[in-house]
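**Q** sequence and predicted structure below; questions after.
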Amino acid sequence: MEFIKSAIPEVILIKPKVFGDDRGFFLESYKKPLFVANGIDYDFIQDNHSMSAKGVLRGLHYQLNPKAQGKLVRCVSGSVFDVAVDIRRGSPTFGRWVGYELSATNKQMLWIPPGFAHGFITLEDNTQFLYKTTNDYAPEYDRGIKYDDPAISIVWPEIGELLLSGKDQAQPLLKDAEINFVFGKEND
Ligand SMILES: Cc1cn([C@H]2C[C@H](O)[C@@H](COP(=O)(O)OP(=O)(O)O[C@H]3O[C@H](C)C(=O)[C@H](O)[C@H]3O)O2)c(=O)[nH]c1=O
């Protein structure tokens with residue numbers, strides 16, 4: 001398993017070791033000692049699974065402290081362009097984003113710590129997205145940021161017509177979003 005720091009070093013791309021044979025493949029998608037040794041020292045308490053057609057955009061979402069969530073995300077069918085945005089006040093990379101194509105083919109995963117907004121756009125039909133979270137779902141703490149906020153300027157892949165939830169069509173801009181993450185204290 002390879003851990004690669006992104007341009008925002010707390011966001012980590014993870015490449016599992018894939019054991020292929022004439023039956024198919026096997027991989028370990030999570031192993032706590034390896035993750036702790038690479039700076040990801042969290043317990044996961046919820047698993048999520050969403051399925052989307054091509055052109056669905058989910059995000060940008062986060063939960064406020066004290067229910068902030070770290071997320072370990074991957075695609076087991078189809079593919080996404082997955083994005084994390086730093087929303088920790090005082091961070092040298094506040095408002096900056098990183099994005100990666102995650103797919104059933106490349107089997108790559110992304111670690112998104114608490115203090116980041118997360119979203120993705122699906123690149124294929126029947127995209128099945130699995131992720132572990134470090135805190136449970138708390139709708140009263142659920143918040144969002146507009147996916148096309150010019151202050152963040154995410155370069156989403158050109159997919160044509162997008163499908164978003166009503167909630168995601170109406171998310172606030174970063175400057176108007178409710179944020180209580182402070183750089184260096186986001187786990188409090
Ligand atoms: C997130 C979540 C949702 N739900 C229920 C609430 C709604 O009735 C339904 C769909 O929820 P929502 O539209 O918020 O789902 P997504 O748009 O996929 O939200 C997720 O999308 C982005 C990419 C994320 O990173 C978050 O994990 C999460 O916000 O599932 C639950 O019961 N538990 C949950 O943990």
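**A** That came through fine.

**Q** and the longest helix for this protein?
**A** In the chain, assigned by DSSP state H, the helix with the most residues is helix 32-37.

**Q** now do the buried residues in it.
**A** Neighbour-count burial for helix 32-37, counted by 16 or more other C-beta atoms under 10 Å, picks out Phe35. The C-beta positions use only the backbone N, C-alpha and C, and glycine is treated the same way.

**Q** likewise for stretch 159-174?
**A** Residues of stretch 159-174 classed as buried: Ile159, Leu164, Asp168, Gln171, Leu174 (neighbour count, 16+ other C-beta under 10 Å).

**Q** would you mind listing what in this protein touches the ligand?
**A** Contacts of the chain with the ligand, taken as C-beta under 6 Å from any ligand atom, map to Asn48, Ser50, Arg58, Gly59, His61, Lys71, His118, Gly119, Phe120, Tyr137, Ser165.

**Q** format these as a markdown table; extra columns: secondary structure.
**A** Below are the residues of the chain next to the ligand laid out as a markdown table (DSSP: H, G, I helix; E, B strand; the rest coil):
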| residue | secondary structure |
| --- | --- |
| Asn48 | strand |
| Ser50 | strand |
| Arg58 | strand |
| Gly59 | strand |
| His61 | strand |
| Lys71 | strand |
| His118 | strand |
| Gly119 | strand |
| Phe120 | strand |
| Tyr137 | coil |
| Ser165 | coil |
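
**Q** just the buried ones from those?
**A** Arg58, Gly59, His61, Lys71, His118, Gly119, Phe120.
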